[in-house]
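Undergrad: Give the three-dimensional model of this entry:
(one chain, ligands or ions: 1)
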Amino acid sequence: MDKPFSGNQTWLECIACGYRTDLLKERKFACPDCGNLYDVEHDLSGSSFGDLISLFDRRAGCSFASVGLSDGRKSLLGQSGVWRFKELIMPYLPDNHIVTLGEGNVPIVPAGRHLREWIGPVDLWLILEGMTPTGSFKDFGGTVMMSVAKAAGIKTIGCASTGDTSAMAAAYASAAGIDCTVILPEGKVTPAQLAQPLVHGAKVITLPGTFDDCMRVVKELVNTGRLFPANSINPTRIEGHQATVFLLAQFFGWELPDWIALPVGNGSNCSSVGKAMRLMKELGYKRDTSRILGCQSTAARPLATSWRALGSAPTAQRWSSIYLPMDVGETTATAARIGNPASYRKVIREIIASNGMMDYAPEELLNEAVGVCGRDGFFVCPQTGTALACLKQAVARGEIEHGASVAVVSTANGLKFTESAAAKLMKEIIPARDCQTETVAKILGL
Ligand SMILES: [Zn+2]
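TA: Residues are numbered from 1 along each chain as shown. Predicted coordinates for the structure are as follows:
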């Protein structure tokens with residue numbers, strides 16, 4: 001390291017009891033006093049949201065020379081839609097530790113005609129976070145996590161995964177020159193997702209169980225100091241995922257949509273979106289922040305089930321007291337097939353803080369949503385289908401008002417899930433009996 005950036009500038013703080021520890025020295029990622037997760041905290045005294053906005057807007061304008069980012073390496077930092085917001089994400093990290101693959105500048109697009117009709121009368125937008133180096137939103141957090149791991153001198157990193165985390169961890173570890181191990185549930189990860197860590201040179205171990213079994217093993221290895229985690233129990237990832245909110249705010253002229261809808265698996269994205277909005281408020285952002293709609297499938301809905309049981313006037317304390325992990329069922333939304341989300345306490349905190357809500361969607365409806373998006377030209381993952389299906393239900397019930405602006409976080413590229421999408425559509429393939437032009441013309445009625 002050139003100079004320390006932890007200590008009083010950036011530190012880890014227990015989400016329950018406030019215990020503090022050093023960001024660069026922590027290896028077990030559970031509070032020694034109460035066992036809870038950590039948040040990353042920064043000393044942002046003296047930061048003004050107004051000043052930061054003008055800096056972020058200048059960087060987004062791609063005039064790298066005008067913001068001192070014209071030389072090769074700094075230009076790469078300027079291109080990242082995560083590091084554009086460095087002053088809110090990891091302000092004191094020296095630039096020479098940054099590990100980036102150019103992630104984060106994802107499209108924010110209005111929903112197409114078919115999806116608008118299917119969802120109902122809201123002002124609907126998609127942030128396409130599958131358009132990143134490894135094809136999922138995980139890269140937003142991966143670039144930050146791996147940069148801090150590099151600064152901390154970590155040599156080996158590891159994670160449990162339903163697919164997307166392993167792809168991210170393996171890609172960013174190889175970019176950082178760090179060894180990577182991934183632990184996956186056997187037969188529950190798509191071939192495309194399995195190919196990614198292998199291509200990036202990670203050690204791949206499969207367990208004959210669920211993701212929750214893999215996560216338990218990783219947690220035990222981490223808590224005994226034998227493995228440095230790439231899962232979101234390592235809260236540096238959460239810092240990077242906050243870019244979702246900053247990108248949306250910037251896109252809409254530093255306003256946020258009424259609602260942000262997203263799938264909830266292990267809970268990192270929901271935690272980050274809520275944390276980013278609270279941070280904006282703390283730094284003087286005056287407008288309304290978004291309410292969060294957290295979305296799960298019927299097969300894996302531990303948080304949505306307990307949310308629904310809360311009734312009116314929900315509180316984090318009551319929700320935590322009735323929350324129970326569940327045994328997961330089968331779903332095409334395999335990346336969120338998680339019965340005991342590692343970040344469940346943070347999800348509860350952020351849904352409550354944003355005056356948000358949770359729901360779950362049946363398998364048929366989430367698959368239908370993927371098909372509807374496809375008709376508009378967007379190939380989204382089944383987890384995005386879960387978010388869209390829950391949004392449709394919320395609009396139909398009047399829980400989301402007509403005319404509200406809604407951004408749906410599309411978390412991964414549909415190309416990672418071609419098996420589930422193609423299996424449903426195979427019957428629509430028309431086999432011709434020979435290779436003659438006239439045979440094809442006849443089929444087409446030409
Ligand atoms: Zn604690």
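
Undergrad: who are the neighbours in contact with K219?
TA: Applying Cβ atoms under 8 Å, 6 or more residues apart in numbering, we find K219 in contact with I233, A342. Placement of C-beta: from N, CA and C, glycine included.

Undergrad: Swap in 6 Å and give it another go.
TA: By Cβ atoms under 6 Å, 6 or more residues apart in numbering, the contact set of K219 is empty.

Undergrad: Quick check: it vs G35, distance?
TA: Here K219 is placed at a distance of 11 Å from G35 (Cβ to Cβ, to the nearest Å).

Undergrad: likewise A16?
TA: Going from A16 to G35 by Cβ to Cβ gives 9 Å.

Undergrad: Then A369?
TA: Taken as Cβ to Cβ, the spacing of A369 relative to G35 amounts to 38 Å.

Undergrad: so which helix or strand takes in M168?
TA: Element membership of M168 [criterion: DSSP states H and E] is helix 164-176.

Undergrad: residue boundaries of the strands in the stretch 251-400 of the chain?
TA: With strands called from DSSP state E, counting those that start in this stretch, the stretch 251-400 of the chain shows them at 259-263, 291-297, 357-361.

Undergrad: any chance of the ones you listed in a markdown table, plus distance to the ion and mean pLDDT?
TA: Listed next are the strands of the stretch 251-400 of the chain as a markdown table, based on distance: least, Cβ to the ion, whole Å; pLDDT from 0 to 100:
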| stretch | distance to the ion | mean pLDDT |
| --- | --- | --- |
| strand 259-263 | 27 | 98 |
| strand 291-297 | 24 | 98 |
| strand 357-361 | 25 | 97 |
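
Undergrad: Reformat the ones you listed as CSV; add distance to M168.
TA: Shown next, in CSV, are the strands of the stretch 251-400 of the chain (distance: least, Cβ to Cβ, whole Å):
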stretch, distance to M168
strand 259-263, 16
strand 291-297, 21
strand 357-361, 25
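
Undergrad: Export those strands as TSV, with columns for mean neighbour count.
TA: Formatted as TSV, those follow (neighbours: other Cβ atoms under 10 Å):
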stretch	mean neighbour count
strand 259-263	28
strand 291-297	28
strand 357-361	24
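
Undergrad: closest one to K346 among those?
TA: Checking those against K346 by Cβ to Cβ gives strand 291-297 as the closest, at 11.3 Å.

Undergrad: Please name every helix or strand in contact with the closest one.
TA: Contact partners of strand 291-297 among helices and strands, from 3 or more Cβ pairs under 6 Å, 6 or more residues apart in numbering; DSSP states H and E: strand 259-263, helix 382-396.

Undergrad: Run through who's touching the last one.
TA: Taking Cβ under 6 Å, 6+ apart as the criterion, the residues outside helix 382-396 that touch it are 119-120, 122, 261-263, 295, 297, 332-333, 335-336, 359, 361, 365-366, 369-370, 400, 408, 410-411, 417.

Undergrad: returning to what we had before: got the helices and strands packed on strand 291-297 as CSV, with distance to P431 columns?
TA: Converted to CSV, the helices and strands packed on strand 291-297 look like this (distance: least, Cβ to Cβ, whole Å):
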stretch, distance to P431
strand 259-263, 36
helix 382-396, 27
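
Undergrad: Need the distance between the two termini of stretch 427-445.
TA: End-to-end distance for stretch 427-445, by Cα to Cα, to the nearest Å: 20 Å.

Undergrad: for the record, mean pLDDT for that stretch?
TA: What stretch 427-445 shows for mean pLDDT is 95.

Undergrad: Pull the contacting residues for N105.
TA: Taking Cβ under 6 Å, 6+ apart as the test, what N105 contacts is G81.

Undergrad: one step back: would you mind telling me which of A369 and G35 has more residues around it?
TA: Set side by side, A369 and G35 show more neighbours around A369, with 26 against 11, by other Cβ atoms under 10 Å.

Undergrad: how close does that one get to G385?
TA: Applying Cβ to Cβ, the value for A369 to G385 is 4 Å.

Undergrad: cool, and L115?
TA: Going from L115 to G385 by Cβ to Cβ gives 11 Å.

Undergrad: the more surrounded of those two?
TA: Neighbours were tallied for L115 and for G385 using other Cβ under 10 Å; the higher tally belongs to G385 (31 against 23).

Undergrad: Pull up the per-residue confidence for the more buried one.
TA: G385 is assigned 97 on the pLDDT scale.

Undergrad: same check, this time on V67
TA: Per-residue confidence (pLDDT) for V67: 48.

Undergrad: count of neighbours near the residue of the stretch 101-250 of the chain found nearest the ion?
TA: When distances are taken as Cβ to the ion, the stretch 101-250 of the chain reaches nearest to the ion at P235, 13.2 Å away. Look at P235: counted by other Cβ under 10 Å, it has 28 neighbours.

Undergrad: Next up, the contacts around the spatially most central residue of the chain.
TA: Nearest to the mean C-alpha position of the chain, counting by Cα atoms, centre = their mean, stands N269 at 3.9 Å. The neighbours of N269, taking Cβ under 6 Å, 6+ apart as the test, are H241, L262.

Undergrad: quick one: it from K346, how far?
TA: According to Cβ to Cβ, N269 stands 11 Å off from K346.

Undergrad: hmm, who's touching stretch 304-312?
TA: Residues from elsewhere that reach stretch 304-312 (Cβ under 6 Å, 6+ apart): Q296, W319, I322, Y323, M358, D359, Y360.

Undergrad: and which of the residues you listed is nearest V109?
TA: Nearest to V109 among the contacts of stretch 304-312, counting by Cβ to Cβ, is D359 at 23.6 Å.

Undergrad: Identify the spatial nearest neighbour of the closest one, chain neighbours not counted.
TA: Excluding the flanking residues, the one nearest D359 by Cβ to Cβ, 6 or more residues apart in numbering is C390, at 4.2 Å.

Undergrad: Could you do I260 as well?
TA: Distance criterion Cβ to Cβ, 6+ apart; nearest residue to I260, sequence neighbours excluded, is S290 at 4.4 Å.

Undergrad: Thought L256 was touching that neighbour, still the case?
TA: Yes: counting by Cβ atoms under 6 Å, S290 does reach L256; the two are 4.6 Å apart.

Undergrad: higher neighbour count, those two?
TA: Set side by side, S290 and L256 show more neighbours around S290, with 25 against 22, by other Cβ under 10 Å.

Undergrad: Backbone dihedrals for the more buried one, both of them.
TA: Main-chain torsions, S290, degrees, to the nearest 10: phi -80, psi 160.

Undergrad: quick one: contacts for it?
TA: By Cβ under 6 Å, 6+ apart, S290 lies in contact with L256, P257, W259, I260.
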